[in-house]
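K.L.:
Sequence and predicted structure below; questions after.
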Amino acid sequence: MEQKKKRILIVEDETDIAEILQYNVSKQGYEAEIAGDGEKGLALALSGTFDLILLDVMLPKMDGFEICRRVRSRLETPIIMLTAREEENDKILGLDLGADDYMTKPFSLGELTSRIRANIRRFSGETVVKQEDDKENSIIHIEDLEIDTDSYTVKKNGKEISLSKQQYELLCFLAKNRGKKFRQDALLEAVWGYDDYYGDVRTVDVTVARLRKQIEENPSEPKYIKNKRGMGYYID
């Protein structure tokens, strides 16, 4: 029986770029559909029939940030945001709204393909964190934090904390490897699933910063996720 192709939605108003993306992801064995404006992109995205969304930020009718916010409120479909803007605040906003990754134009098609592959693997349940789950020890306690790897929830002092998929998986990975220090590139490989050295290490730093805001009393003086210069992030 032939395996069903993964489907990718490309939300991009520049026709040339959209067609290049469609051609290249199709060569990799994916099905790709194009939406040329934000409203059409949102409608298609919310259909829930896609395995990944490539989402431009600057779009007519509705920008990518608003699309990301609305999609993430209903679906877990991985979103890679694409933009010509390089401001760090844009990247932080995109990740904070629930985007899984962020790429600044121009980017190499090889890098994009690697990130698409990694995010689809993770969305399909093939992440390193989930593979390592031990059903007999599904609850991890770190002081007043409780991580339930069966229900994929995190509680602090008994109250559930809302985390993005990346925040949860990063926290879970560090908790399961307590005491070990991981550089950003190692975390990109282990948690994000990026290979061939593709991936912006700032994605890790931004995700850690947002995660600290969710779980730490004082994010500037973290007691859970620490960082030792030159050696990486860790949970003591």
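P.N.:
Here it is on my side, so go on. Residues are numbered from 1 along each chain as shown.
K.L.:
which residues of this structure fall in helices?
P.N.:
Listed in chain order, the helices of the chain (DSSP state H) span residues 15-27, 38-45, 64-72, 88-96, 109-123, 128-131, 165-176, 184-187, 201-215.
K.L.:
Figure out which of these is closest to Tyr194.
P.N.:
Nearest of the helices of the chain to Tyr194, taken as CB to CB: helix 109-123 at 5.1 Å. To be clear about C-beta, it is placed using only N, CA and C from the backbone, and glycine gets the same treatment.
K.L.:
tell me the angle of the closest one relative to helix 165-176?
P.N.:
On the basis of axes from the mean of the first three to the mean of the last three CA atoms, to 10 degrees, helix 109-123 is oriented at 70 degrees to helix 165-176.
K.L.:
Just the buried residues of helix 109-123, please?
P.N.:
Under the neighbour-count criterion of 16 or more other CB atoms under 10 Å, helix 109-123 has Glu111, Leu112, Thr113, Ser114, Arg115, Ile116, Arg117, Ala118, Asn119, Ile120, Arg122, Phe123 buried.
K.L.:
Low-confidence ranges, the chain, go.
P.N.:
Applying pLDDT under 70 to the chain flags residues 1-3, 85-88, 125-137, 195-199.
K.L.:
Just give me the residue closest to the centre of it.
P.N.:
Nearest residue to the geometric centre of the chain (CA atoms, centre = their mean): Asp100, 2.2 Å.
K.L.:
Please name the nearest non-neighbouring residue to that one.
P.N.:
In this structure, Asp100 finds its nearest non-sequential neighbour in Pro78, 4.4 Å apart by CB to CB, 6 or more residues apart in numbering.
K.L.:
contacting residues for that neighbour?
P.N.:
Contacts for Pro78 (CB atoms under 8 Å, 6 or more residues apart in numbering) come out as Asp51, Leu52, Ile53, Asp100, Asp101, Asn119, Ile120, Arg122, Phe123.
K.L.:
okay, the helices of the chain in CSV with distance to Asp236 next?
P.N.:
Shown next, in CSV, are the helices of the chain (distance: least, CB to CB, whole Å):
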stretch, distance to Asp236
helix 15-27, 42
helix 38-45, 40
helix 64-72, 32
helix 88-96, 25
helix 109-123, 27
helix 128-131, 20
helix 165-176, 10
helix 184-187, 17
helix 201-215, 14
